[in-house]
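Enquirer: mind folding the following:
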Amino acid sequence: MDQDFSLEFLANYLAELTLLDYGFLKFFPSRIAASANPTLKHYTNYKALELKTVVLEIHRIQMDAKEDATTNLSQKAIREKYSQQKVCLGIS
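Expert: Sure, this is the predicted structure:
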């Protein structure tokens, strides 16, 4: 797999995790997308400082997903969905 595809794959995984967390409703969808994907960051013209809070929250839910994958069925389903792909991103 090429590196661009792997990055997009990881960005999609992280963005999908945000759909399970009500705390992300306070952020514009464009900020969430830009926080998960450098290409979207470029096109939305957000500055790194504007995305810091969202990036930290994405990191938090990603770490929670690792720990809660056995108890949270929704997170487990997302994890399994992305684990079935032929890309090794450290999420399986």
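Enquirer: list the contacts for the residue nearest the centre of the chain?
Expert: With distances taken as C-alpha atoms, centre = their mean, the residue of the chain nearest its centroid is Leu14 (1.2 Å). Neighbouring residues of Leu14 by C-beta atoms under 8 Å, 6 or more residues apart in numbering: Ala36, Ile58, Gln62. For glycine as for every other residue, the C-beta is placed from the backbone atoms N, C-alpha and C.
Enquirer: so which elements touch the helix or strand that the second one is a member of?
Expert: Read it as Ile58. Under the criterion of DSSP states H and E, Ile58 resides in helix 48-68. Helix 48-68 makes packing contacts with helix 3-18, helix 29-36, helix 73-83 when contacts are defined by 3 or more C-beta pairs under 8 Å, 6 or more residues apart in numbering; DSSP states H and E.
Enquirer: how about those, which one is nearest Ala48?
Expert: Ranking the helices and strands packed on helix 48-68 by proximity to Ala48 (C-beta to C-beta) places helix 29-36 first, at 9.8 Å.
Enquirer: what about the closest one, average pLDDT?
Expert: When pLDDT is averaged over helix 29-36, the result is 92.
Enquirer: contacts for that helix next, please.
Expert: 11-12, 14-15, 18, 24, 40-41, 44, 46, 50-51, 54-55, 58.
Enquirer: what about Ala36, neighbour count?
Expert: 24 (other C-beta atoms under 10 Å).
Enquirer: same thing with Glu16?
Expert: Glu16 has 17 nearby residues by other C-beta under 10 Å.
Enquirer: verify the stated contact: it with Ile78.
Expert: Yes - judged on C-beta atoms under 8 Å, Glu16 makes contact with Ile78 at a distance of 5.4 Å.
Enquirer: give me phi/psi at Asn45?
Expert: Per-residue torsions, Asn45: phi 60, psi 20 (degrees, to the nearest 10).
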